[in-house]
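**Q** Okay, sequence plus prediction incoming.
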Amino acid sequence: MEGAIAAYKRAMALDPAAASIGADLADMYMRQNRAADAIAAAEQALKVAPDNHDAHRVLGTIYATLATSSRDRATRQAQQENAARAIEHLEAAVAGPVGRADANLRAMLARLYVSSGSYEKAIPVLTDLVKQEPGWEDGPLLLVEAYSAAGRTADAVRWLEDAVPGQPQLYSTLGDFYGRERRWLDAAGAYEQALLNTPRNFDLKVRYASMLLTAGDQAAIVKARDALRDALATRGTDERALYLSAQAERRAGDLDASEAAARRLIAQNSRNPRGYSVLAEALEERRRYQAVVDGLAPAIASFRSSADSAVALATLLPHLGFAYQQLGQHDKAIAAFEEARKISPRDPVVTGYLIQAQIAARNYSAAAELARAARADRPDDLQLARLEAHALRQDGKADQGIALLEGLLQRLGDDPQAHISLAEMYAESNRGAQAVKLLEDAQVKFPGETSITFELAAVLEKQKRYGEAEVVFRQLLTRDPEHAPTLNYLGYMLAERGVRLDESVELIQRALKSQPDNGSYLDSLGWAYFKAGKLDLAEEHLKRAAEQLATNSVVQDHYGDVLVRLQRYEDAIAAWNRALSGDGDTIDRSDIDRKIRLARQKLPKR
């Protein structure tokens, strides 16, 4: 090599105007990793012939290496300067026919364009290269990266859709891009195609399941569950797969499997808050609120001791607060939601939870003031407005609550929920005729909106217009024969009146098929059995409902009624006392007091 270098130098001395000799020398230096000498020789060649292809190629290659080498300790500014020099020389190197034919040079230039943010320059270079070099694996990925970074995601998708029939290895990339465009089922379909080529690919199975879960329909959820079971059979400790599995099992209806996956995730990594979150969701689905407290309270105490605990606490505290609230431990619920709100002070969802907890604790003025303050930043937030109106009504200021929702309806007239919110407020404030009129008008405006029709039927029932309510409920069931809220409400309405009890039981049982652990539905079925004189069945279902809905006064009252018929007087008195200390909705407190006195008279004297 030294002899060759010496020969090139003698040749340069003999013919100083021959730039190609200097370029050849520069190339030899570059192959010997003598970058400084190569740069000097190439620059000398360019002084003789500024368009010399080989000299530009050498300089572009060296500067590209300096700009991208992980071993280079240069400052970021120096790397950027080297990248700029590399692009300048490579552009010159590929300008002529020889350069355009050199795929490696153009690939190097395209990489530099992408890394430096010159995406619009990279795209045409890469488009040509990918066609010219179909075996270049990095090319398609660089091209779609450039499209994406340039904000041309739709172009990337179109290119991938055209490319995947001939290059099936790109299906996973197409799935990624579908996901970015929120085309969940298309993404799942692309991943499914990718799995045909690599059926044992764990990561693809998890991504496939994730898209199916996000798509949300029941068939997709079942497919996601099956894919995750298959994935976990080969890698049972993967945290993301366990988290998704807990979600998929719960949404597919297997709460035992959901809880098991959540507990495996916690055992795998007790510092991952998502494990506790999906455990809480599975337990909440079963209304096992004490189990939620038992699982979350120690974990939250542990997370509080960590410096980076904000995300974990923001995730778990609302679950803990909700569990406390369902158990009737209102002070603890409020404390949990207040702590969560300190972490996320502008989160309207957390604020809503806190307002609901204050209402459950009968702190109506505090709840209304909290909602009013939150609405200063979000004046058209319907949920916050509903909570404020409800708190005002409970605080004896129903007219203020109605005025608030009437004003909101004027601004949100195209939102069906704005009509429902005001109708509920009218009905709760003994202005049923206005509620019916509002909902009938809303039906005309929103003819296909099930929630409007359901609310109309409910308002009619509350006004004891049972025949009209039943007609409307039947209309809903004609549209959707398995609409669970309608099946339950109609069944309960019949049970409450003591009519057509066999049909009442059948309707509520149909509702429970879709939600077998729904406490309200269990209460309805138990009450229908009670009205039919089937006390054992009544007690079985009302007990489950009462355990779930400890603060629901109506449920506890029903449970007390069946217990006293079974001559379990002490248990009945306890249930009625829970009714009196519960939410107080739609109960006759004096009637419950009377039942307690009568039950006490039947207790054995001590």
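**A** Structure's in. What do you need?
**Q** Spatially central residue in the chain, please.
**A** Here the mean C-alpha position of the chain is nearest to the C-alpha of residue 214 (C-alpha atoms, centre = their mean), at a distance of 7.7 Å.
**Q** Just give the number of residues close to residue 399.
**A** 11 (other C-beta atoms under 10 Å). The way it works is simple: take the backbone N, C-alpha and C, and place the C-beta from them, glycine included.
**Q** how about it, what does it touch?
**A** With contacts defined as C-beta atoms under 8 Å, 6 or more residues apart in numbering, the neighbours of residue 399 are residue 429.
**Q** which residues touch the helix or strand of the chain with the lowest mean pLDDT?
**A** Every helix and strand in the chain was compared by mean pLDDT, DSSP states H and E; the lowest is helix 97-101, with a mean of 73. Helix 97-101 is contacted by residues 53, 57, 93, 94, 105, 106 when judged by C-beta under 8 Å, 6+ apart.
**Q** Apply 7 Å and report the result again.
**A** Helix 97-101 has contacts (C-beta atoms under 7 Å, 6 or more residues apart in numbering) with 53, 93, 94, 105.
**Q** which among the residues you listed gets closest to residue 170?
**A** Sorting the contacts of helix 97-101 by how near they are to residue 170, with C-beta to C-beta, puts residue 105 at the top with 24.8 Å.
**Q** For that closest one, grab the count of nearby residues.
**A** Other residues within reach of residue 105, judged by other C-beta under 10 Å, total 22.
**Q** pLDDT score for the nearest residue to residue 145 once chain neighbours are set aside?
**A** What sits nearest to residue 145 in space, not counting adjacent residues and going by C-beta to C-beta, 6 or more residues apart in numbering, is residue 114, at 6.3 Å. What the model reports as pLDDT for residue 114 is 91.
**Q** again with residue 73
**A** At residue 73, pLDDT is 55.
**Q** if we can go back for a sec, who's in contact with the residue nearest to the centre of the chain?
**A** By C-beta under 7 Å, 6+ apart, the contact list for residue 214 reads residue 184.
**Q** Residue 384 now?
**A** 348, 352, 371, 374, 375, 378.
**Q** Out of the residues you listed, flag the one nearest to residue 398.
**A** Here the nearest of the contacts of residue 384 to residue 398, counting by C-beta to C-beta, is residue 371; it sits at 15.2 Å.
**Q** Which residues outside stretch 171-185 are in contact with it?
**A** Residues beyond stretch 171-185 that count as contacts (C-beta under 7 Å, 6+ apart) turn out to be 141, 144, 153, 156-157, 160-161, 164, 186-187, 190-191, 193-194, 204, 207, 211, 214-215.
**Q** ok now that stretch, how far from the chain's centre?
**A** Between the mean C-alpha point of stretch 171-185 and the mean C-alpha point of its chain there is a distance of 17 Å (C-alpha atoms, centre = their mean, to the nearest Å).
**Q** any idea which of the contacts of residue 384 is closest to residue 569?
**A** Of all the contacts of residue 384, residue 569 sits closest to residue 352, with 40.7 Å by C-beta to C-beta.
**Q** isn't that closest one right next to residue 385, touching?
**A** No - Residue 352 is not in contact with residue 385 according to C-beta atoms under 7 Å; the separation is 10.8 Å.
**Q** So the two - more neighbours on which side?
**A** It is residue 385, of residue 352 and residue 385, that has more neighbours when counted by other C-beta under 10 Å, with 26 against 20.
**Q** Grab the nearest non-local neighbour of the more buried one.
**A** Spatial nearest neighbour of residue 385, chain neighbours left out: residue 408 (5.1 Å); criterion: C-beta to C-beta, 6+ apart.
**Q** In which helix or strand does the one you found reside?
**A** helix 398-411 (DSSP states H and E).
**Q** which stretch of helix or strand covers residue 249?
**A** Residue 249 belongs to helix 239-251 when assigned by DSSP H and E.
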